[in-house]
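**Student:** what's the 3D shape of this:
(one chain, ligands or ions: 2)
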Amino acid sequence: MSTTVPLLECKRISVRFGGVVAVDEVSLEVHPGEVLGLVGPNGSGKTTLLNAVSGLVRARGEVLVDGKRVALGRPGAIVRHGVFRTYQTPQVDRELTCLENVLVASPDRAHRGASSAFMLRPRMWAHDRVRWREAAAALNRVGLVAKANVPAAGLSYGEQRHLEIARALHAKPELLLMDEPAAGLNSTCRPRA
Ligand SMILES: Nc1ncnc2c1ncn2[C@@H]1O[C@H](COP(=O)(O)OP(=O)(O)OP(=O)(O)O)[C@@H](O)[C@H]1O
Ligand SMILES: [Mg+2]
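**Tutor:** Numbers count the residues shown, from 1 in each chain. Ligands and ions are numbered 1, 2, ... in the order given. Next comes the predicted model:
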C-alpha cells in the first residue's frame, strides 16, 4: 500500500435514484502515475460513480483531491482541482470546429481586458497563437489534427470520442476520468502514445 497522498480519494460514495441504489459505499484511491480501471456489468454504477465524483448527481460520501475535500453535487467543483473527464456518450459541440471545441473547454481570459484589446494587441495575439498551437498538438495526439477546422458534426462517433480526449488533454489535467473510452471503437482507432 502506498504511503503518498492519493491524487483522488473516494470514501464511501453512495448514490440513490429513488429506490435504486446505483452506487453503494464505494471507496477507492488513485495515486500519481496510476491507471485505475473500474470493471462491472451494464447498470452496475460505473457512470454514476463518475457523475458523483464530478458533481453531476447528488451523492453521499467524501471526495478528496490531493488531500483536499471537494464539494459533492456541484458540477465543476472538481475541475478547479485539475480533474477532468470524458463521457460515455461524447459531449462535443457539433457546430464548433474541432479546434474550437478544444479551445472553449479550457477558457483562458489572459490578455482579454480593454488594455490588451487596444494597446497590447500583439501580446494578445501571441498568447492566442500559443493556445492554438497547444490545441492543435492535443488534436494531433489523438489523430485529429487534419480535421482541426471541420465542425464536430462531421466526425464519426469514434472521432468525437477522441475529440473529447483532446479537449481534456488540452486542459492539462492532473487526473483524467474516462467513461468507457474504448466503447464503440475498433483496434485501429487508437490515440497516439
Ligand atoms: N438519472 C438516473 N435516474 C434513475 N436511475 C438512474 C439514473 N442514472 C442511472 N440510473 C440507474 O443507476 C444504475 C447504474 O447505472 P450506470 O449508468 O451508472 O451503470 P454503468 O455501470 O455505467 O452501465 P453501462 O455499462 O451500461 O454504462 C442503473 O440501474 C441505472 O438504471
Ligand atoms: Mg456507463
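
**Student:** ok, how many other residues are close to whichever residue of the chain sits closest to ligand 2?
**Tutor:** As assessed by C-beta to the ion, ligand 2 sits closest to residue 47 within the chain, at 3.1 Å. C-beta coordinates here come from the backbone N, C-alpha and C atoms, glycine included. Residues near residue 47, counting by other C-beta atoms under 10 Å, number 19.

**Student:** report the contact partners of residue 84.
**Tutor:** Residue 84 sits next to 168, 171, 173, 175, 176, 177 when contact means C-beta atoms under 8 Å, 6 or more residues apart in numbering.

**Student:** how about the residues of this protein by ligand 1?
**Tutor:** 17, 20, 22, 40, 42, 43, 44, 45, 46, 47, 48, 88 (C-beta under 6 Å from any ligand atom).

**Student:** in strands, which of these appear?
**Tutor:** Mapping those onto strands (DSSP state E) picks out 17, 20, 22.

**Student:** select from those the one having the most neighbours.
**Tutor:** Highest count within those by other C-beta under 10 Å belongs to residue 22, 19 neighbours.

**Student:** what pLDDT does it get?
**Tutor:** If you check residue 22, the pLDDT there is 97.

**Student:** just checking, it touches residue 46?
**Tutor:** No. With contacts counted by C-beta atoms under 8 Å, residue 22 stays clear of residue 46, the gap being 9.9 Å.

**Student:** and residue 73, what's its pLDDT?
**Tutor:** 93.

**Student:** for residue 28, same thing?
**Tutor:** Per-residue confidence (pLDDT) for residue 28: 97.

**Student:** does it touch residue 36 like I think?
**Tutor:** Yes. Using C-beta under 8 Å, residue 28 is in contact with residue 36, at 6.8 Å.

**Student:** more neighbours, these two?
**Tutor:** residue 28 (14 against 11).

**Student:** hmm, who's touching the helix or strand where the more buried one lies?
**Tutor:** In this structure, residue 28 sits in strand 20-30 according to DSSP states H and E. Under the criterion C-beta under 8 Å, 6+ apart, residues 2, 6-16, 36, 45, 48-49, 52, 59, 61, 175 lie in contact with strand 20-30.
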